[in-house]
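> Any chance you could fold what I've pasted below:
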Amino acid sequence: MISPERISDLFVEVADTLVDEFDVVDFLHNLTVHAAGISGADAAGLMLTDQMGRLQFMAASNSNGETLELFQLQNSEGPCLDCFTTGEPVVNADLAHASRWPTFAPRAIQLGYQSVHAFPMRLREHIIGALNLFGSAHARFDTADVRLVQALADVATIALMQERTIRRAEELTEQLQGALTSRVVIEQAKGAVAALRGISTDEAFELLRSRARSHQKRLVDVAQAVLDERQGPTEQSTSPR
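This next block holds a predicted model:
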């Protein structure tokens, strides 16, 4: 099930984030894209806890992944919440027979998905969120597949926490809260660019990411600049080039 290509490069990329400063929002988006890519999933989503210990949507590989993550939070039901609560993966769940999610499962099926998997974001006993994978076919993960995706989630968790935040839990809380605040700004900018250019929010997000990288700026700073320009007299100059 899991494609062997680029797995080594993927873990090296995740490990490269173990530095003092990195773009958390961009890192989380890349994580969902990579997780979907190596697993063959059609969408991936990620939730993390805020400073109050409540799960919040943080990243998704596409708009459907975002929709399903937010739907779980709004209805307090779904595989990501179960995974976070128990600390155990949810594997090979057939949505057509998922009676434990009477609200979530029909919505996921409506969007074209048949299977779902969820993996805890954890370091030992410390769980900070969960990673969801959604499939349009009922593809099954074997033991090796489960071990690989969980290893990816574990390494990503270490990258988020880092050594200094392991020693000082409050610093991790501040970092995750800052990422959540950044996501709100980025979501607003995505909507503004999408409306201005007549494109999808996924395409708008890629334009923002491209501009951030080409100008060597943080994604949230580019998003804030877009919003600031929208409030000025020259709205037509706001879309990323």
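
> When you work out contacts or count neighbours from here on, use the C-alpha atoms and nothing else.
OK.

> can you pull out the helices in the chain?
Secondary structure of the chain (DSSP state H): helices at 7-15, 24-39, 63-75, 79-86, 104-110, 143-167, 169-197, 201-214, 219-230.

> Now distance to Leu95, mean neighbour count and mean pLDDT too, for those helices, in CSV please.
Converted to CSV, the helices of the chain look like this (distance: least, C-alpha to C-alpha, whole Å; neighbours: other C-alpha atoms under 10 Å; pLDDT from 0 to 100):
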stretch, distance to Leu95, mean neighbour count, mean pLDDT
helix 7-15, 28, 14, 66
helix 24-39, 18, 21, 87
helix 63-75, 13, 18, 97
helix 79-86, 10, 21, 95
helix 104-110, 5, 18, 97
helix 143-167, 18, 17, 77
helix 169-197, 29, 18, 84
helix 201-214, 25, 18, 94
helix 219-230, 35, 20, 92
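
> Select, out of those helices, the one closest to Arg124.
Minimum separation from Arg124 across the helices of the chain (C-alpha to C-alpha) falls at helix 143-167, 9.0 Å.

> Could you report the neighbour count for Ser136?
Residues near Ser136, counting by other C-alpha atoms under 10 Å, number 17.

> Excluding residues flanking it in the chain, which one is nearest it?
Tyr113 (4.1 Å; C-alpha to C-alpha, 6 or more residues apart in numbering).

> Which pLDDT value goes with that neighbour?
pLDDT, Tyr113: 96.

> Which residue lies nearest the spatial centre of the protein?
Ala59 (2.6 Å; C-alpha atoms, centre = their mean).

> re the thing from before, any chance of the helices of the chain in CSV, with distance to Ala137 too?
Shown next, in CSV, are these (distance: least, C-alpha to C-alpha, whole Å):
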stretch, distance to Ala137
helix 7-15, 23
helix 24-39, 12
helix 63-75, 15
helix 79-86, 17
helix 104-110, 11
helix 143-167, 16
helix 169-197, 29
helix 201-214, 23
helix 219-230, 33
